[in-house]
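K.L.:
Predicted model and sequence follow; I will ask about them next.
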Amino acid sequence: MPVQLELATVLVACGARFTFAQLLAAVASRAAAGVTCSEGAPGPSVWMQAYRQHGLSRPHDMPAVAEALCMGKELTEDMLVPAAWCLSEGPTTTPSQEVLPHQLPSVLMLALATPQERDRALQERQLVQLLQLPAAQQLSTQAAQSMMTLALEVQSQHLDSSVGLLLQLPEAQQLSRSSIAQLLQSLIQRCSSAARHLLALPTALELDTEIVVRMLETAAASGQDKLVAELARLQAAQQMSSAAVQRLLVSAVQRAVTPPINPHNSRVLAALEWIRAVTAFPAARHLPSSLIEELTQLVVTSHQEDIALQLLQLPTAQQVSNDAVVQLLHAAIKAHAATFVHRLGYLPAARQLSSETLAPLVQAAATQVDAYCLNGLLAMPASQQLNVAVLEQLLQWALNMDSDVRPDVISQLAELPAAQQLRGGTVLQLLEAAVEYSERNYDYSLLEEFVSLPGAQHISSSGIEKLLQTAAARDQDSAFGLLVALPAAKQLTAASVAQLLHFAIEEECTHYWYFCLLAALPAAQQLSNAAVAQLLQAAASRGTCRQLELLLQPPAAQQLSSRYTVQVIEAAMLAGQHRCMRLMCESPAAQQLNAAAVAWLLQAAMRLECDGCVRTLCWLPGAQQLTVETVLSLIHAALQHRLPACLAGPSGSAGLLSLPAAQRFSQQHDRRPVACSSARRLCQCSAAAVWAACKAL
């Protein structure tokens, strides 16, 4: 019956006394019942407090160290010396040097059975101090086992540390197998990490397989993952039956998939280590494949890919059925377990799948937008037998995919043998996707892959025209070069090439290479006069001189009509593109302009007040055939517009006054009436004099 402090005080006042031996007997009795001294009276501390209240000292046979343990006080050096333990008042047969070794086991038991609830560190320090005494090294094996048993019986709060300390005693290393087995089983049932200390003893290596299996099952059932891993390393564990391994494996997997599931959770990581240990047992080689199928399906569905990969390493996993592989692949795709999909592909059953079975799996991976899973599926032999109809269906889906992995998916599908049979229309869609991808990523490998497909040789001219236009608009020179080399580009009509050239000019493409490639096409040599004129006019207006030079090369440009030539030159003058205007004047078509056409251009240049244009036009053969009246009219206009540079350049270079008609007028002005008196006076002078006079205007 528990005794409170008040009652103990009354009893002591009435003469109640106790000896140290009686106190130890009471402690042992309560320990046998699994009760610590802190769970109620009569505890040592209650009686010691009652003694103190009445001014009594501790019992004569009780060492000071025991009193300190009861009262929760630090152990001092003077308490631990041998002299402090020899307290008998009467004669004794025990030599003084043997008193401490004789009483130490009892004091250690008191320390174990009297936990210091308020200061666990204090209790551990007390144990360390007691176990470091020389007498502790002389404790018998039986005493060491008794103390560990006591620690288990009272479920000491410092059980882990106390067992670890006790095992450091020399005699603890001599514990028998049965003792270790009994202690281990007790510790495992209490989920105490102190069991690991016992496993470090040499005798633990000699435990029977049956005992180790029971311990493993107990530890597994209570989730002691780290302990399971250590038990699994014992020699006895390597000899367990396949039935025992199966039970352990099932328990480990169930623990790993118990919610909440997180691959990085410490419980899951510990379970993974446990499973690795279990699957390493020799008996694991004989586990039924049906069990592997069931467990693997469970962990994959629970997104435990690492555990699934571990299970696949078992030999019997090679015997998994075709149906099971298909189910596992579906589960893995849904869980985005790409590594597992790749590993499954090495199983015999996976390598025997038909293309009809693989097609839905590939589509499922595409639906999940998982390029890595898709890569694993396409590595299987069955992918090489996918027919072109299935491939086109998959490609259509991939082309409509809204994901960053779309190029990877399309590329993987296009590498299949069936891609060699794709129709031109499908390849055209692939090329469109590749052009879009290359613009974003500056990567043309996808486009290079697609233009090499046989179907690329059969795409339509309208399709290639659209692609070329897109590439030019996006300024993709590499893509343009790949596309223009396709047969469809060689079959473009002259109208299509003209449209592409015009589009490139209007978009102000920076790459001269576009024009070189387009000009090399057969249709470029068949451009009509009107088409060439329109292109030349556009190029001249925009000042793209290099493109203008290129456009002057087709036969039609060499035979351009006078009307078109005049229009192009006028467009260059209107745009102020003097260089383009000079290039046009150097063309064969411009050299064939008659006097009337040149006169019209000179008048237009005069209206634009472009003296440089006038001088350039004066070099044309047609300007040499101008009549006197026309030249005089032009000179008069130059004077009116105050453009003396039109008459002659510096040092008498080309100008209106250098034209033959102006020279003839100088000789004939006395015989012919001249409409303009000022012009008559100028023509009587030399070119140098006229130039000087005009500068003074």
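P.N.:
All right, it came through fine.
K.L.:
List the contacts of Leu358.
P.N.:
377, 380, 382-383, 386 (C-beta atoms under 8 Å, 6 or more residues apart in numbering). C-beta: built from backbone N, CA, C; applies to glycine.
K.L.:
among these, which are in strands?
P.N.:
Assigned to strands by DSSP state E, none of the contacts of Leu358 qualify.
K.L.:
Asn529 is in contact with Ser561, correct?
P.N.:
Yes: with contacts counted by C-beta atoms under 8 Å, Ser561 reaches Asn529, the gap being 5.7 Å.
K.L.:
Can you pick out the residue with more neighbours from those two?
P.N.:
Taking other C-beta atoms under 10 Å, Ser561 and Asn529 do not tie; Asn529 has more neighbours (17 against 14).
K.L.:
Do you know the pLDDT at that one?
P.N.:
Model confidence at Asn529, given as pLDDT, is 82.
K.L.:
Against Met584, how distant is it?
P.N.:
15 Å (C-beta to C-beta, to the nearest Å).
K.L.:
Please list only the buried members of the contacts of Leu358.
P.N.:
Burial by neighbour count, judged by 16 or more other C-beta atoms under 10 Å, picks out 377, 380, 382-383, 386 from the contacts of Leu358.
K.L.:
In contact with Ala398, which residues are there?
P.N.:
With C-beta under 8 Å, 6+ apart, Ala398 has these contacts: 366, 406, 409-410, 413.
K.L.:
Tell me how far the helix or strand encompassing it lies from the chain's centre.
P.N.:
Using DSSP states H and E, Ala398 sits in helix 388-399. Put simply, helix 388-399 sits 27 Å off its chain's centre (C-alpha atoms, centre = their mean, to the nearest Å).
K.L.:
What of stretch 332-346?
P.N.:
The answer for stretch 332-346 is 17 Å, by C-alpha atoms, centre = their mean.
K.L.:
Now do the same for the nearest residue to Gln368 once chain neighbours are set aside: its pLDDT.
P.N.:
Distance criterion C-beta to C-beta, 6 or more residues apart in numbering; nearest residue to Gln368, sequence neighbours excluded, is Ile333 at 5.7 Å. Ile333 carries a pLDDT value of 90.
K.L.:
And for Pro650?
P.N.:
60.
K.L.:
Can I get stretch 387-397 as PDB, trimmed to CA atoms?
P.N.:
C-alpha atoms of stretch 387-397 as PDB (Å, rounded to 0.1, in the frame of the first residue of the first chain):
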ATOM      1  CA  ASN A 387       2.600   0.600 -87.900                       C
ATOM      2  CA  VAL A 388       2.400   3.900 -89.700                       C
ATOM      3  CA  ALA A 389      -1.300   4.400 -88.900                       C
ATOM      4  CA  VAL A 390      -0.600   4.200 -85.200                       C
ATOM      5  CA  LEU A 391       2.400   6.400 -85.500                       C
ATOM      6  CA  GLU A 392       0.500   9.100 -87.400                       C
ATOM      7  CA  GLN A 393      -2.200   9.000 -84.700                       C
ATOM      8  CA  LEU A 394       0.400   9.500 -82.000                       C
ATOM      9  CA  LEU A 395       2.100  12.200 -84.000                       C
ATOM     10  CA  GLN A 396      -1.200  14.100 -84.400                       C
ATOM     11  CA  TRP A 397      -1.700  14.000 -80.700                       C
END
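K.L.:
which outside residues touch that stretch?
P.N.:
Against stretch 387-397 from outside (C-beta under 8 Å, 6+ apart): 355, 359, 362-363, 366-367, 386, 410, 413-414, 416, 418-419, 421-423, 426, 429-430.
K.L.:
Okay then, goodbye and thanks.
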